[in-house]
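Asks: Turn this into a model:
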Amino acid sequence: MIESDPSDVFFELHHDLPREGPGDDESTLRALALCTELPERPDVLDVGCGPGMQTLALAAATGGIITAVDAHEPFLDQLRERAEAAGVRDRLHVMRGDMTDLPFGPDSFDLIWSEGAAYIMGISEAFDAWRAFLRPGGYIVVSELVWLVDDVPAEVRDFFERGYPGVTDVAGNLQRIAATGYEIIDHFTLPAESWWTHYQSPLEARIPGLLDRYAGDEAALAVINETIEEHRIRREYPETYGYEFFIARCACPDGPEPGSSWEPGQGRVTPELGEDAADDAAEAGDEAEAADAGLEPADASSEREYPPSLG
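Replies: Presented below is the predicted three-dimensional model:
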């Protein structure tokens with residue numbers, strides 16, 4: 001029997017979920033409200049946007065231009081459809097890209113957002129790398145897995161450190177953020193229901209069918225069973241770990257040299273990053289496709305890896 005590719009099984013398990021990690025619109029808007037000095041219509045970058053539940057909440061609440069980046073094209077397809085239905089497609093630029101190699105230039109955004117995705121780089125590395133894209137006084141907001149107790153049970157620690165060896169407590173993350181030169185504005189823990197309503201409950205509902213479908217496929221079952229284990233640990237130890245929103249601000253006195261190909265506030269890149277593709281799509285009469293084509297990086301082939309333990 002030919003075993004399935006674990007990545008394919010993971011994305012089948014996660015396809016068409018409301019979210020790709022814990023969170024809810026109320027928490028997104030609570031964090032946004034702490035960014036008290038944004039311009040009236042900010043330029044926002046959502047890194048690791050997934051299917052974009054929080055992206056749409058930001059678009060509705062800010063009235064600004066949202067640039068949403070993810071490495072997995074099916075998530076971006078979901079976001080495009082949802083944005084169209086929500087009536088914000090004209091203010092949303094969707095880009096397939098690698099968060100470690102973003103094509104934007106200095107002073108491009110008033111707000112950088114990343115829910116449950118910065119761990120892919122590491123929170124210190126993300127805050128440091130993305131600083132270059134913030135305008136002076138801009139905000140950066142991330143949600144991050146954290147320990148909530150000093151004595152984390154061994155099986156909880158072992159489970160999560162397989163996917164994210166850098167996980168630490170709230171104080172440790174505050175130290176990391178401060179060390180990168182940001183002013184910490186505030187932080188708060190996501191409520192318990194944020195784990196289940198839009199993420200773990202819909203994910204759990206599809207597991208029985210996939211267990212039947214992949215019976216005897218050890219590679220596929222390993223992915224599914226990892227998710228089952230994640231849910232068991234969440235039920236048994238909910239008070240020991242959680243997701244924390246961190247809101248920070250940077251004066252950004254220094255930045256990269258001018259000459260970047262990104263045009264702040266324009267929602268597309270200059271010719272060397274794909275304007276010809278945008279023009280071709282526009283000539284075909286598909287304005288939404290043109291906007292997206294203009295945002296495609298030159299090399300969009302990289303796929304981020306999703307440790308099953310973190311979603």
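Asks: tell me which element Tyr139 falls in.
Replies: Element membership for Tyr139 (DSSP states H and E) is strand 134-147.
Asks: partners of that strand in the sheet?
Replies: Strand 134-147 has the following sheet partners, assigned by DSSP bridges: strand 109-115 (parallel), strand 168-169 (parallel), strand 241-250 (antiparallel).
Asks: And for stretch 206-224, what's in contact with it?
Replies: 1, 3-6, 9-10, 12-13, 227-228, 308 (CB atoms under 8 Å, 6 or more residues apart in numbering). C-beta: built from backbone N, CA, C; applies to glycine.
Asks: follow-up on the earlier one: just the buried residues of the strand holding Tyr139, please?
Replies: 134-135, 138-147 (16 or more other CB atoms under 10 Å).
Asks: and those, which two are the farthest apart?
Replies: Greatest spacing in the buried residues of strand 134-147, by CB to CB: Arg135 and Trp147 (33.3 Å).
Asks: ok, Gly21 to Ser143 distance?
Replies: Using CB to CB, to the nearest Å, we find Gly21 at a distance of 8 Å from Ser143.
Asks: Determine the residues that are contacts of both of the two.
Replies: Shared contacts of Gly21 and Ser143, defined by CB under 8 Å, 6+ apart, comprise 115-116, 243.
Asks: ok, which stretches of the stretch 151-300 of the chain are helices?
Replies: Ranges of helices in the stretch 151-300 of the chain, per DSSP state H, counting those that start in this stretch, are 154-163, 170-179, 201-205, 207-213, 218-236, 275-283, 287-293.
Asks: Ignoring the adjacent residues along the chain, who's closest to Met100?
Replies: Check again: residue 100 is Thr, not Met. Sequence neighbours aside, Met121 is the residue nearest to Thr100 in space, at 5.8 Å (criterion: CB to CB, 6 or more residues apart in numbering).
Asks: ok, how many other residues are close to the one you found?
Replies: Number of residues near Met121 (other CB atoms under 10 Å) recorded here: 21.
Asks: does it really touch Asp101, like I thought?
Replies: No: with contact defined as CB atoms under 8 Å, Met121 does not reach Asp101; the gap is 10.6 Å.
Asks: What count of nearby residues applies to Gly166?
Replies: By other CB under 10 Å, the residues close to Gly166 number 16.
Asks: what does Trp196 give?
Replies: There are 18 residues near Trp196, going by other CB under 10 Å.
Asks: how much space is there between it and Pro22?
Replies: Plainly put, Trp196 is 8 Å away from Pro22 if you go by CB to CB.
Asks: what's stretch 185-201 in contact with?
Replies: With CB under 8 Å, 6+ apart, stretch 185-201 has contacts from 17-24, 27, 30-31, 34-35, 53, 139, 143, 146, 148, 170, 174, 230-231, 234, 238, 242-249, 311.
Asks: quick one: contacts of the helix or strand that contains Ala83?
Replies: For Ala83, the enclosing helix or strand under DSSP H and E is helix 73-86. Defining contact as CB under 8 Å, 6+ apart, one finds that helix 73-86 is touched by 11, 15-16, 20, 49-53, 55-56, 59-60, 68, 70, 89, 92, 94-96, 288, 292.
Asks: Could you find the closest non-adjacent residue to Pro39?
Replies: Spatial nearest neighbour of Pro39, excluding adjacent residues (CB to CB, 6+ apart): Asp110 at 5.8 Å.
Asks: show me the contacts for the one you found.
Replies: 38-39, 42-44, 64, 134-135, 138-139.
Asks: Out of these, give me the two with the largest separation.
Replies: Pairwise distances across those (CB to CB) peak at 14.4 Å, for the pair Gly64 and Leu134.
Asks: For Ala129, give me its contacts.
Replies: 100, 121.
Asks: Could you look up the SS state of it?
Replies: Taking DSSP: H, G, I helix; E, B strand; the rest coil as the rule, one finds Ala129 in the helix state.
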